[in-house]
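**Student:** sequence and predicted structure are below.
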Amino acid sequence: MQSEEIKNVAIATLEDMKAIDIQVMDVRDLTDITDYMVVSSGSSDRHVKAIADKVLDALRERKIRPLGVEGREKSTWILLDFGDVVVHVMHPEDRSFYDLEGLWGDHVREMVLAQREQHNE
């Protein structure tokens with residue numbers, strides 16, 4: 001399954017589970033670690049865990065297994081690593097504090113691309 005398909009299944013599942021404020025960041029130009037970062041929130045520990053479990057189930061049905069799963073014990077921030085797609089399901093407070101969208105936002109993209117252009121000159 002290609003990264004676009006994994007991303008689309010994850011997004012559809014997040015929407016079905018009523019995840020809050022789903023954001024998709026295309027980071028292919030910024031890092032070799034992954035292609036897409038998908039960030040969403042849940043309203044409680046139980047909701048965060050249920051969302052993450054449902055994403056895992058939806059991709060397992062398609063024979064896609066995660067490379068890693070972190071944070072299921074506390075269920076305030078669960079990271080699902082599918083290689084080309086990394087899914088974060090977080091409490092709104094943790095999401096605000098860690099600001100993943102800011103880490104991978106447009107200003108960072110512009111900075112990285114400008115540095116690459118300078119390096120290639």
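**Tutor:** That came through fine.
**Student:** next, the distance between the ends of stretch 58-69.
**Tutor:** One end of stretch 58-69 sits 15 Å from the other (C-alpha to C-alpha, to the nearest Å).
**Student:** may I see the buried residues of that stretch?
**Tutor:** Neighbour-count burial for stretch 58-69, with 16 or more other C-beta atoms under 10 Å as criterion, is recorded at 58, 59, 64, 66, 69. Backbone N, C-alpha and C define where each C-beta goes, glycine included.
**Student:** let's have those in a markdown table, adding pLDDT.
**Tutor:** Formatted as a markdown table, the buried residues of stretch 58-69 follow (pLDDT from 0 to 100):
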| residue | pLDDT |
| --- | --- |
| 58 | 98 |
| 59 | 97 |
| 64 | 95 |
| 66 | 97 |
| 69 | 97 |
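**Student:** just send the residues you listed back as TSV, with secondary structure too.
**Tutor:** Output for the buried residues of stretch 58-69, formatted as TSV (DSSP: H, G, I helix; E, B strand; the rest coil):
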residue	secondary structure
58	helix
59	helix
64	coil
66	coil
69	strand
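**Student:** pretty sure residue 41 contacts residue 20?
**Tutor:** Yes: the pair residue 41 / residue 20 is scored as a contact, 4.1 Å apart, by C-beta atoms under 8 Å.
**Student:** pick out whichever of the two has more residues nearby.
**Tutor:** Neighbour count, other C-beta atoms under 10 Å: between residue 41 and residue 20, residue 41 has more, with 23 against 16.
**Student:** tell me the contacts of that one?
**Tutor:** Residue 41 is in contact with 19, 20, 21, 48, 89, 90, 91, 92, 95, counting by C-beta atoms under 8 Å, 6 or more residues apart in numbering.
**Student:** how about residue 6?
**Tutor:** So residue 6 contacts 59, 64, 82, 84, 85 (C-beta under 8 Å, 6+ apart).
**Student:** farthest pair within those residues?
**Tutor:** 59 and 84 (11.8 Å; C-beta to C-beta).
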